[in-house]
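> Sequence plus the predicted model coming up.
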Amino acid sequence: MMDGQYLFFIAALPPEPIREEITTIKRYIARRWGPRHALKSPPHLTLQPPFKWRVEGMDALRQCLCAFSACRRPFEVVLRDFGAFAPRVFFIKPEPSPPLMTLFEQLKGALEVDLGLRDKRNERPFHPHLTLAHRDMPPLVFDRVWADFRYRTYHRTFEVDGLALLRWSADRWVIAETFPFSRE
């Protein structure tokens, strides 16, 4: 916690077996080429980038996410192969998903209307991805990682069944709370 505020982000998490598999890929990249920063968070699809939130506003944040999630239904996301935002970000790509795009847009709207949380980063086009390496990957290392993975295949399907609120704690992101979608 910094000056009465926590640092959070909101994401969709794959189930534990897929998270373990993706973390294994992150570890391989770290061991072979050095980039370790992506290991500071569980595999996820970011829906709201990191934001500071005051401790006294936690009930309102929880209520907003709980009410939002209660009105949503689970949906499937297909992960297929690898992609990159050259020269620093390497990731697993989800296939285009109208339900995921809708979730992003509706969450952005709910955060703004219910909590006054407006984020200029959310005005850019939404490009969902599961990061494998980023910030600490120099361009030369990026070229080597991309050469290794460019033609590899990866295919998994999982159900997005809720939101996760992740909090920065002791030099890593931890799952602070989850908000399940309705099954009814």
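Now that the structure is in, tell me what you want to look at.

> Would you mind measuring from residue 48 to residue 148?
31 Å (Cβ to Cβ, to the nearest Å). All C-beta atoms are positioned from the backbone trio N, CA, C, and that covers glycine.

> which of the two has more neighbours?
More neighbours surround residue 48 than the other of residue 48 and residue 148, with 21 against 15 (other Cβ atoms under 10 Å).

> what's the closest residue to that one other than its chain neighbours in contact with, if anything?
Excluding the flanking residues, the one nearest residue 48 by Cβ to Cβ, 6 or more residues apart in numbering is residue 10, at 3.9 Å. Counting by Cβ atoms under 8 Å, 6 or more residues apart in numbering, residue 10 makes contact with 46-48, 65, 107, 163-166.

> quick one: contacts for the residue lying closest to residue 60 once chain neighbours are set aside?
With Cβ to Cβ, 6+ apart as the criterion, residue 60 has its nearest non-adjacent residue at 6.2 Å, and that residue is residue 115. Applying Cβ under 8 Å, 6+ apart, we find residue 115 in contact with 57, 60-61, 64.

> Quick check: PyMOL command selecting the buried ones in these.
Buried members of those, defined by 16 or more other Cβ atoms under 10 Å, are picked up in PyMOL with:
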select buried, resi 57+61+64
